[in-house]
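Peer 1: quick one, what's the 3D model for this:
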Amino acid sequence: MNPSSTVPLIELSAVRKSYNVGLPSEAEVLHGLNLRVMPGEFIALIGPSGSGKSTLLSIIGLLERMSSGTYRFQGEEVQGLDDHGLTMRRRNLLGFVFQFHHLLPAFTALENVTMPALMAEGHVSAVQLAKARELLDAVGLAQAMDKRPSQLSGGMQQRVAIARALVMEPPLVLADEPTGNLDTASSDEVFVQLRRMHAERGVSFVVVTHDPRLAARCDRLVELVDGRISRDEPIVHT
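Peer 2: Here you go, the predicted model:
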């Protein structure tokens with residue numbers, strides 16, 4: 001094993017998150033969580049509605065600040081970073097796939113995939129354009145690059161979103177119910193692409209899902225109940 005692979009990609013320690021702090025309605029939704037994600041892991045994050053999954057994913061994704069605790073990303077403490085620092089690390093180190101693909105309807109599949117590069121640098125280089133084409137080809141959309149979202153099925157649109165999440169080559173992709181808006185066949189199709197990107201590119205994935213079939217196809221299961229991790233175990237595939 002490469003020694004660097006033993007260093008956690010992310011490490012959360014004693015993480016707490018409260019809303020409406022100082023008000024009568026103050027509520028703590030995460031209660032001292034500890035979580036490590038190692039390079040190359042494919043993790044299912046499960047739990048009932050209201051258990052804190054989306055809040056945890058938002059903290060990992062640097063979209064929300066935790067109330068207390070420590071968060072290290074590739075060994076760097078991120079809780080003290082200002083908004084610009086968080087934005088830069090979110091842009092360069094993280095990819096996101098949501099339940100709703102959030103593609104821009106006026107742009108083609110290829111243009112949607114290059115959007116993170118455009119937003120980061122103000123233009124799309126030839127290298128980034130080639131990377132976007134390669135990713136669309138990898139998710140089976142080589143013939144659909146010039147089509148707009150309205151011309152694609154739900155599963156195809158979500159595959160465009162997967163390509164978009166990977167175009168900046170992040171070490172970690174966070175997927176929040178990426179198949180929750182799809183039928184069973186399309187869900188399976190999208191999940192196959194997530195696993196393929198993981199296998200071929202070594203990207204770590206944390207996938208929030210309510211679908212036990214998909215959770216069972218991940219490599220590690222983390223279950224949240226009432227803002228606490230109630231289960232964290234490897235999944236044995238037979």
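
Peer 1: drop to CA atoms for contacts and neighbour counts, all remaining ones
Peer 2: OK.

Peer 1: torsion angles phi and psi at the one residue sitting closest to the centre of the chain?
Peer 2: Nearest to the mean C-alpha position of the chain, counting by Cα atoms, centre = their mean, stands Leu174 at 0.9 Å. Here is the backbone geometry of Leu174 (degrees, to the nearest 10): phi -110, psi 130.

Peer 1: and the helices in this protein, which stretches?
Peer 2: Along the chain, the stretches classed as helices by DSSP state H are 53-60, 83-93, 109-121, 126-138, 154-166, 184-201, 212-215.

Peer 1: any idea how far the residue nearest to the centre of the chain lies from Thr108?
Peer 2: 23 Å (Cα to Cα, to the nearest Å).

Peer 1: any residues touching stretch 73-80, and which ones?
Peer 2: Contacts made with stretch 73-80 from outside it, assessed by Cα atoms under 8 Å, 6 or more residues apart in numbering, are listed as 7-11, 65-66, 70-72, 86.

Peer 1: list buried residues within those residues.
Peer 2: 8-11, 65-66, 70-72, 86 (16 or more other Cα atoms under 10 Å).

Peer 1: turn these into TSV, columns for pLDDT.
Peer 2: Formatted as TSV, the buried ones among the contacts of stretch 73-80 follow (pLDDT from 0 to 100):
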residue	pLDDT
Pro8	90
Leu9	93
Ile10	94
Glu11	95
Arg65	92
Met66	92
Thr70	95
Tyr71	95
Arg72	94
Leu86	90
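
Peer 1: could you work out the most separated pair of those residues?
Peer 2: Largest separation among these by Cα to Cα: Pro8 and Arg65, giving 20.0 Å.

Peer 1: hey, what's the angle from the helix-or-strand element of the chain with minimal mean pLDDT to helix 154-166? Just curious.
Peer 2: Of the helices and strands making up the chain, the lowest-confidence element is helix 184-201, at a mean of 82, by mean pLDDT, DSSP states H and E. If you take axes from the mean of the first three to the mean of the last three Cα atoms, to 10 degrees, helix 184-201 sits at 20 degrees to helix 154-166.

Peer 1: who are the packing partners of helix 184-201?
Peer 2: helix 154-166 (3 or more Cα pairs under 8 Å, 6 or more residues apart in numbering; DSSP states H and E).

Peer 1: centre of the chain to the helix it packs on, how far?
Peer 2: 12 Å (Cα atoms, centre = their mean, to the nearest Å).

Peer 1: what do you get for stretch 168-186?
Peer 2: In terms of Cα atoms, centre = their mean, the centre of stretch 168-186 is set 7 Å apart from its chain centre.

Peer 1: how far does it stretch from one end to the other?
Peer 2: Termini of stretch 168-186 sit 25 Å apart (Cα to Cα).

Peer 1: my guess is Ser18 contacts Ser67. True?
Peer 2: Yes. Ser18 sits in contact with Ser67 when judged by Cα atoms under 8 Å, with a separation of 6.1 Å.

Peer 1: where does this structure dip in pLDDT?
Peer 2: Along the chain, segments meeting pLDDT under 70 span 1-5, 99-101, 182, 238.

Peer 1: what bridges to the residue nearest to the centre of the chain?
Peer 2: Each beta-bridge partner of Leu174 is listed here, defined by DSSP bridges: Phe96, Val206.

Peer 1: and it, what is it in contact with?
Peer 2: Counting by Cα under 8 Å, 6+ apart, Leu174 makes contact with 57, 61, 94-97, 205-207.

Peer 1: fine by me, thanks again.
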